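S.K.: just a sequence and a predicted model for now, questions to come.
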Amino acid sequence: MRDCDRPQKKICIVSSCGGHLTEVRAFMPVYRRYPHFYVLNDRVLLPNDMKGKTYFIRHSERDWQVLLNLWEAWRLLRRERPRLILSTGAGPIVPFAMVGKVLGIPTIFIETIARVSAPSLAGKIMYRLADHFFYQWGPLKKYFPKGMCAGTLL
């Protein structure tokens, strides 16, 4: 089967706003050729390429609203039917990865470049949930022995 005959892999990009969003967008050269959409946990001014393909979910801070995030993840993943979930963090990836597991959607998690010597909370959780886990700094190997050190990706 030729590449042009294969169904396109739609990618769900889950991020919190700020640095995580900046970081995951740095990977755009890798995912831009595939259909993709974004899920953010806060309303922000969007660049033109994100307009019309960004969903906003509730911002939960390790509170009961994570249950709402689970429902939102279920609803969005069932509607969009991506074939992959990608994230560099933070909190919103956890409910999406959990629902992704149930729906058979693999998750790629890249521990944020800001974590040089100690893991983030999202990283600790996603290490157990993600199908593919990457970290960017060598000192994190002791926390993520089964992960892959990709070196700095930015």
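M.R.: Great, that's in hand.
S.K.: where do the strands of this structure begin and end?
M.R.: Secondary structure of the chain (DSSP state E): strands located at 11-15, 36-40, 54-56, 84-89, 107-110, 132-135, 148-149.
S.K.: ok, which of those strands comes nearest residue 97?
M.R.: strand 107-110 (4.5 Å; CB to CB). For every residue, glycine as well, the C-beta is placed using N, CA and C.
S.K.: count the residues that sit near the closest residue to residue 16 other than its chain neighbours.
M.R.: Once flanking residues are discounted, residue 16 sits nearest to residue 90: 4.3 Å by CB to CB, 6 or more residues apart in numbering. By the measure other CB atoms under 10 Å, the count of residues near residue 90 is 21.
S.K.: now do residue 60
M.R.: 19.
S.K.: tell me the contacts of it?
M.R.: By CB atoms under 8 Å, 6 or more residues apart in numbering, the contact set of residue 60 is 41, 66, 68-69, 91-92.
S.K.: in helices, which of those fall?
M.R.: Of the contacts of residue 60, the ones assigned to helices by DSSP state H are 66, 68-69.
S.K.: how about CSV for those residues, with neighbour count added?
M.R.: Converted to CSV, the ones in helices among the contacts of residue 60 look like this (neighbours: other CB atoms under 10 Å):
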residue, neighbour count
66, 16
68, 14
69, 23
